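Chemist: sequence first, then the predicted structure:
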Amino acid sequence: MAEVLVYVDHVDGAVRKPTLELLTLARRVGEPVAVALGAGAEATAAVLAEHGAVKVLTADAPEFADYLVVPKVDALQAAHEQVSPAAVLVPSSAEGKEIAARLALRLGSGLITDATDLEPGDDGPVATQSVFAAAYTTKSRISRGTPVITVKPNSAAVEPAPAAGATESLSVTFGEKSTGTKVTARTPRESTGRPELTEAAIVVSGGRGVNGAENFSVIEALADSLGAAVGASRAAVDAGWYPHANQVGQTGKSVSPQLYIASGISGAIQHRAGMQTSKTIVAVNKDAEAPIFELVDYGVVGDLFDVVPQLTEEVNTRKG
Ligand SMILES: Cc1cc2nc3c(=O)[nH]c(=O)nc-3n(C[C@H](O)[C@H](O)[C@H](O)COP(=O)(O)OP(=O)(O)OC[C@H]3O[C@@H](n4cnc5c(N)ncnc54)[C@H](O)[C@@H]3O)c2cc1C
């Protein structure tokens with residue numbers, strides 16, 4: 001069976017969930033060979049093996065932390081030369097998409113971004129994408145070269161599948177361009193204790209209907225009862241009620257959780273573009289004609305300040 005390269009997103013050896021999801025998808029189209037780079041790369045091997053990696057290629061060098069994406073592209077290109085894979089899979093983060101695009105260009109092959117599913121095909125892996133603000137679902141494949149595909153978080157369930165996971169060190173020669181953009185400082189983001197927005201299984205979002213920064217506590221309380229991340233519409237972010245990092249939509253983050261709860265959000269196309277692939281969508285809006293109700297699985301017509309606290313209380317009661 002052909003090998004498939006899986007780029008590992010990890011922090012000091014702690015593998016992030018989207019990579020484990022990628023391993024599930026990779027197993028459908030070949031034998032996963034994971035590529036882990038930077039500090040803690042070798043420590044990723046055990047968990048990658050538990051999730052189906054037949055091999056883990058590791059490389060550590062200061063370049064991975066000190067410079068932006070190019071050293072990682074150099075490493076993936078080296079892995080590509082070593083393995084000749086049937087596909088390269090990368091998580092769909094902002095960094096992941098840049099790495100994937102640069103790699104595809106170097107390989108002279110094609111790129112598919114933000115895939116939501118992957119299946120084997122006669123002529124290589126076939127990726128599902130949700131396009132034009134999720135108005136269409138497309139299936140496509142790369143017709144030339146090694147397919148490079150980025151996959152959205154939450155597109156597949158994490159399935160344990162023990163494999164050898166033998167660690168091999170990857171030899172990387174960094175190109176001239178790899179040291180072009182230096183990282184000069186790092187500021188750790190203050191922890192909210194909530195999951196990362198793009199990876200969360202549940203997202204609770206608020207919009208202009210929340211009517212003020214101080215009222216976002218209503219949204220946060222529901223999120224915390226569900227162990228969810230908090231999202232916001234651009235109107236709420238532009239008003240300064242919530243940080244830009246939490247904006248969901250075309251010019252914000254794209255999320256695809258199991259459950260998306262939108263409160264006081266009208267459902268403008270630019271917002272839908274970032275959340276319409278969510279598995280189950282719930283909306284609370286006092287306007288029964290709000291466009292968000294066209295795409296929901298469950299809709300509540302009502303004042304969010306009545307509905308959301310009751311929902312939070314009910315969740316907390318059932319948890320207790
Ligand atoms: C180029 C471009 C890019 C954009 N990118 C994004 C993006 O990434 N993300 C994004 O979200 N938008 C984006 N927008 C903006 C988008 O067009 C909308 O303006 C925005 O999504 C509206 O936000 P909203 O739904 O919170 O506000 P509104 O459209 O004002 O809707 C507020 C809703 O709250 C309801 N409401 C009010 N009070 C209550 C209450 N007490 N209880 C319940 N419901 C209540 C109202 O009935 C209404 O439906 C973009 C626009 C452009 C032009």
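Modeler: That came in fine, so what should we check first? Numbers count the residues shown, from 1 in each chain.
Chemist: C-alpha only now, for contacts and for neighbours.
Modeler: OK.
Chemist: ranges for the strands of the stretch 51-200 of the chain?
Modeler: Applying DSSP state E, counting those that start in this stretch to the stretch 51-200 of the chain gives strands spanning 55-59, 87-91, 111-119, 126-131, 136-140, 148-151, 166-169.
Chemist: next up, phi/psi of the closest residue to the ligand within the stretch 1-150 of the chain, please.
Modeler: Proximity to the ligand, evaluated over the stretch 1-150 of the chain using Cα to the nearest ligand atom, is greatest for Ala133 at 10.8 Å. Dihedral pair for Ala133: phi 50, psi 40, per degrees, to the nearest 10.
Chemist: for it, which non-adjacent residue is spatially closest?
Modeler: Of all residues not flanking Ala133 in the chain, Ala273 sits nearest, at 3.9 Å (Cα to Cα, 6 or more residues apart in numbering).
Chemist: which residues touch that neighbour?
Modeler: Listed by Cα atoms under 8 Å, 6 or more residues apart in numbering, the contact set of Ala273 reads 132-134, 249-250, 254.
Chemist: from the ligand, how far out is it?
Modeler: Distance, Ala273 to the ligand, using Cα to the nearest ligand atom, to the nearest Å: 8 Å.
Chemist: is any residue of stretch 214-232 near the ligand?
Modeler: No: using Cα under 6 Å from any ligand atom, stretch 214-232 stays clear of the ligand, coming no nearer than 6.8 Å.
Chemist: give me the mean pLDDT for that stretch.
Modeler: Average pLDDT, stretch 214-232: 98.
Chemist: now do the buried residues in that stretch.
Modeler: Within stretch 214-232, the residues that count as buried by 16 or more other Cα atoms under 10 Å are 216, 218-232.
Chemist: those residues: which two are farthest apart?
Modeler: By the measure Cα to Cα, Ser225 and Ala232 form the most distant pair in these, at 17.6 Å.
Chemist: circling back: which of the buried residues of stretch 214-232 fall within helices?
Modeler: Taking DSSP state H as the definition of helices, these contribute 216, 218-226.
Chemist: how many neighbours does Phe132 have?
Modeler: The burial count assigned to Phe132 is 11, neighbours taken as other Cα atoms under 10 Å.
Chemist: related to what we said a few turns ago, of the buried residues of stretch 214-232, which is the nearest to the ligand?
Modeler: Closest approach to the ligand among these (Cα to the nearest ligand atom): Ala232, at 6.8 Å.
Chemist: in TSV, list the contacts of Ala273 along with distance to Val308 and pLDDT.
Modeler: Conversion of these to TSV gives the following (distance: Cα to Cα, whole Å; pLDDT from 0 to 100):
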residue	distance to Val308	pLDDT
Phe132	31	80
Ala133	27	73
Ala134	27	74
Gly249	22	95
Gln250	26	91
Ser254	23	90
